[in-house]
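Asks: Here is the input, now give the coordinates:
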Amino acid sequence: MNLSNHFLVAMPDMEDAFFSQSVVYICKHDEDGALGIAINKPSPITMDMIFPPPAKTSPCGCSTTA
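Replies: The predicted structure is shown next:
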């Protein structure tokens, strides 16, 4: 079962300090492993450290070169 693009919600009795009361978005899940982001916990990792910057577009929505 591929859980990519799904959320995992910790059970109320989860005792692990990191995963207790966590909601994790599974970005990738395949035969090589899984990658998820805890979306309701503070982290020193910023979104731009994970995702590439969006393409620059003009007001009409056309791609631009910068």
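
Asks: Going by C-alpha atoms from here, please, whenever you check contacts or count neighbours.
Replies: Will do.

Asks: you'd agree Gln8 is up against Phe19?
Replies: Careful, residue 8 is Leu; it's not Gln. No. Assessed by C-alpha atoms under 8 Å, Leu8 is found out of contact with Phe19, at 10.2 Å.

Asks: Show the pLDDT at Glu15.
Replies: Here the pLDDT value assigned to Glu15 is 89.

Asks: what number of residues lie near it?
Replies: 11 (other C-alpha atoms under 10 Å).

Asks: my guess is Cys49 is in a helix, correct?
Replies: Just so we're on the same page, residue 49 is Met rather than Cys. Yes. Under DSSP: H, G, I helix; E, B strand; the rest coil, Met49 falls within a helix.

Asks: pull the helix or strand with minimum mean pLDDT from the chain.
Replies: Least confident helix or strand, the chain: helix 47-50 with a mean of 81, by mean pLDDT, DSSP states H and E.

Asks: So the residue nearest to Ala38 when sequence neighbours are not counted: helix, strand or coil?
Replies: For Ala38, ignoring the flanking residues on the chain, the nearest one in space by C-alpha to C-alpha, 6 or more residues apart in numbering is Val24 at 4.2 Å. Reduced to three states with three-state DSSP, the structure at Val24 is strand.
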